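Student: using only what follows, build the 3D model:
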Amino acid sequence: MPNYEMKPILSPSVELLRPDGPAAKAAAAIMANVAAGFNSSLTPVLRGAAHEVRALCKGLDPKWQRARTRALMRSRRNVEMLKRDGRCR
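Tutor: Model prediction:
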């Protein structure tokens, strides 16, 4: 006598909810792409912020301010000397 036992058949929607199913793999790939895109777009912003912080720190540093002032004065003297000699840039 054959054993005709009723076995439940999984619907396609249940297959989508499985953690190792194709939908889960696609969702993981999408999330990885989103995370990579976010990280790549955030890198230049952080680099720019770090540049601005360094510039602010330099601007507040008296030693750097004196060096910058001396460099500007030296540049002005050089330009004046070139103009005086007729060798303008």
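Student: what's the pLDDT at the residue nearest the centre of the chain?
Tutor: Nearest to the mean C-alpha position of the chain, by C-alpha atoms, centre = their mean, lies Thr43 at 1.1 Å. Thr43 is assigned 89 on the pLDDT scale.
Student: which residues does it contact?
Tutor: By C-beta atoms under 8 Å, 6 or more residues apart in numbering, Thr43 lies in contact with nothing. C-betas here are computed from N, CA, C, even on glycine.
Student: in what helix or strand does it lie?
Tutor: When elements are assigned from DSSP states H and E, Thr43 belongs to helix 22-60.
Student: so after that helix, what's the next helix or strand?
Tutor: Using DSSP H and E, the helix or strand that follows helix 22-60 in sequence is helix 62-85.
Student: what is the burial count for Ala36?
Tutor: Neighbours of Ala36 under the rule other C-beta atoms under 10 Å: 10.
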